[in-house]
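> coordinates only, sequence not included:
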């Protein structure tokens, strides 16, 4: 909710796209939106603009994500199995799974919830593209892929191999060259639409402390097989180790039961002679069974698995191995639909509906209600991240600084200077300085970050030349480390106008235009073909 509030304020300050959160780090600001997935906060800002509080905007997004995850799963599974009964049961199992309630009622992870909402939408659209080969579905698939990418980058990292395998199986079954070609176009097009976030997050990651912090985060977040099968429902944290965890990582008892039923169904259609069943559906069922097994394995606290995580650098981006619970939910939804199509029993269908609803009935509640108003989130002074990984690299410490008043945006630190007419926004600080003594130093209490434009009396200062960035060489770190990474200007005697504007680098500006143009093209293709 604090991110939604800061994103909304950035939009109000005419940042588009928003890049800087003004109140984070106790008012020193943060470049968090340069790197982080923007879609949840953009949607939350739109809801707030219509009059909802930040809290209610958050709740509405959670509710919509929950409902549409089922709708999109239903559309996808119906497109595959051509069975409303199978699609309904699979979608219900996708919605009504412990991990979904963990995201909503325990972690409050709006980004991950939305990502798993748009993942089945993407699978639906590429399935329709494979069936119809229509430009409409090409554009729609690209937009769906971008929605996944812009919702949560870690879920996107997990999902891309699954999407790739899914497409390969479709291609092998029919029109290999055409399917692969269309899929490559979708991937490139979706990445272009998402370039606004992914180009900076890849090529400007060196400006923040992300890599050094996140590369070993996974080590303390594996789970046991017992926790996957059954663990107490809690509302605390996933603590280091496996004995003190305060939240549940269970797959779901009914979901495990349907897993064995699906395995039996797959074996039946594979070995039963004279049993006609679509080949592609059997292939995909086998694929998602394999995905489920791999996803469950990658979460386990066992030595072979930890060695795999150490060797495969791709996995290091996934800070919490148990995030793969989202993939097990998707896989089981498909296997549920597969088993429902095989079974002709209406009794079994109703039994599984009742069982999944009853088994997860106690997860539909929160632990404690805490009331916060909009002003609390608008002035939030933390980092709004788990590991403080978006701290600029020029900062000596990643902690939230102490000793800074959010209202003190500028201060004279040496010499004699009077600061007046300070105007501060999330991406801009301007002020007048009446300097009494030569070589007075004035510090702008905002983090330096590439793209910052600092001007004194209309003359642009060059970072690290005539614009000082406080670092280990200019501070007494035992008492001043909280002032590291800030901007300081030397002013001569007289009156000066100083402006600081946080703008875009050339890369970010290029990414902005690339995303906008690619999105407009996709919407144009979609509109034209839908009309036809």
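The structure has been received and is ready for your questions. These numbers were taken from a predicted model, which means no experiment stands behind them.
> so what touches stretch 111-121?
Residues from elsewhere that reach stretch 111-121 (Cβ atoms under 8 Å, 6 or more residues apart in numbering): 37, 39-40, 43, 61-62, 65-66, 68-69, 72-73, 75-77, 94, 100, 103-104, 144, 147-148, 151-152, 154-156, 159, 323, 326, 329-330, 333. Yep, even glycine has a C-beta here, placed from its N, CA and C like the rest.
> also stretch 353-366?
For stretch 353-366, the surrounding residues in contact (Cβ under 8 Å, 6+ apart) are 89, 92-93, 96-98, 101-102, 105, 233, 235, 252-255, 257.
> kindly report the same for stretch 8-17.
Applying Cβ under 8 Å, 6+ apart, the contact partners of stretch 8-17 are 18-23, 33, 38, 41, 44-45, 48-49, 54, 196, 378, 425-428, 512.
> so who does residue 281 touch?
Contacts of residue 281 by Cβ under 8 Å, 6+ apart are 80, 81, 338, 341.
> now swap in residue 24 and tell me
2, 6, 30, 32, 380, 381, 382, 383, 384.
> now the buried members of the contacts of stretch 353-366.
89, 92-93, 96-98, 101-102, 105, 233, 252, 254-255 (16 or more other Cβ atoms under 10 Å).
> from these, which single one is nearest residue 419?
residue 105 (47.2 Å; Cβ to Cβ).
> the strands in the chain, which residues?
Counting by DSSP state E, the chain has strands at residues 410-414, 417-425, 428-435, 440-447, 452-456, 459-460, 468-469, 486-491, 494-502.
> what's the closest of these to residue 135?
The nearest among those, by Cβ to Cβ, is strand 494-502 at 39.6 Å.
> what lines up beside that closest one in the sheet?
strand 428-435 (antiparallel), strand 452-456 (antiparallel) (DSSP bridges).
> out of these, which gets nearest to residue 169?
Within the strands paired with strand 494-502, the stretch nearest residue 169 is strand 452-456; the backing value is 48.7 Å (Cβ to Cβ).
> which residue is nearest the centroid of the chain?
residue 152 (2.1 Å; Cα atoms, centre = their mean).
> which residues touch that residue?
The contact partners of residue 152, by Cβ under 8 Å, 6+ apart, come to 37, 40, 111, 112, 114, 115.
> so where's this protein shaky on pLDDT?
215-216, 241-243, 273-275, 472-481, 531-532 (pLDDT under 70).
> okay, now the domains of it?
Recorded structural domains for the chain (assignment: automatic domain parsing) are 36-365, 410-505.
> so which of these is the most packed in?
domain 36-365 (a mean of 19; mean count of other Cβ atoms under 10 Å).
> how far off centre is it?
13 Å (Cα atoms, centre = their mean, to the nearest Å).
> that domain: end-to-end distance?
Taking Cα to Cα, to the nearest Å, domain 36-365 runs 29 Å from one end to the other.
> and if you look at stretch 211-228?
End to end - Cα to Cα - stretch 211-228 spans 29 Å.
> which residues touch it?
Applying Cβ under 8 Å, 6+ apart, the contact partners of stretch 211-228 are 205, 238-242, 245, 248-251, 296, 299-301, 305-306, 309, 315-322, 387-389, 398.
> quick one on the thing from earlier: possible to save the contacts of residue 152 as a markdown table with distance to residue 448?
Shown next, in a markdown table, are those (distance: Cβ to Cβ, whole Å):
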| residue | distance to residue 448 |
| --- | --- |
| 37 | 24 |
| 40 | 28 |
| 111 | 28 |
| 112 | 32 |
| 114 | 32 |
| 115 | 32 |
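> filter the residues you listed down to just the ones in helices.
Judged by DSSP state H, helices contain the following of those: 40, 111, 112, 114, 115.
> and the gap between the second one and residue 364?
When Cβ to Cβ, to the nearest Å is applied, the distance between residue 111 and residue 364 equals 21 Å.
> try the third one
Distance, residue 112 to residue 364, by Cβ to Cβ: 18 Å.
> swap in the fourth one?
Spatial separation of residue 114 from residue 364 under the definition Cβ to Cβ is 20 Å.
> and for the first one?
Separation of residue 40 from residue 364 (Cβ to Cβ): 22 Å.
> residue 195: what's it in contact with?
Contact analysis of residue 195 by Cβ under 8 Å, 6+ apart lists 511, 514, 515, 518.
> mind redoing it with 10 Å?
146, 149, 202, 507-508, 510-518 (Cβ atoms under 10 Å, 6 or more residues apart in numbering).
> of all the residues you listed, which comes closest to residue 135?
residue 518 (14.9 Å).
> you'd agree the closest one is up against residue 189?
Yes - at 6.3 Å, residue 518 counts as touching residue 189 under the criterion of Cβ atoms under 10 Å.
> where do the contact lists of the two overlap?
Common neighbours of residue 518 and residue 189, counting by Cβ under 10 Å, 6+ apart, are 142, 143, 146.
> spatially nearest residue to the second one (excluding sequence neighbours)?
Nearest residue to residue 143, sequence neighbours excluded (Cβ to Cβ, 6 or more residues apart in numbering): residue 522, at 5.2 Å.
> equivalent analysis for residue 146, please.
Using Cβ to Cβ, 6+ apart and skipping the chain neighbours, the partner closest in space to residue 146 is residue 193 (3.8 Å).
> closest one of the shared contacts of residue 518 and residue 189 to residue 282?
Closest to residue 282, out of all of the shared contacts of residue 518 and residue 189 and judged by Cβ to Cβ, is residue 142, at 29.2 Å.
> you'd agree residue 294 is up against residue 331?
Yes - judged on Cβ under 10 Å, residue 294 makes contact with residue 331 at a distance of 9.3 Å.
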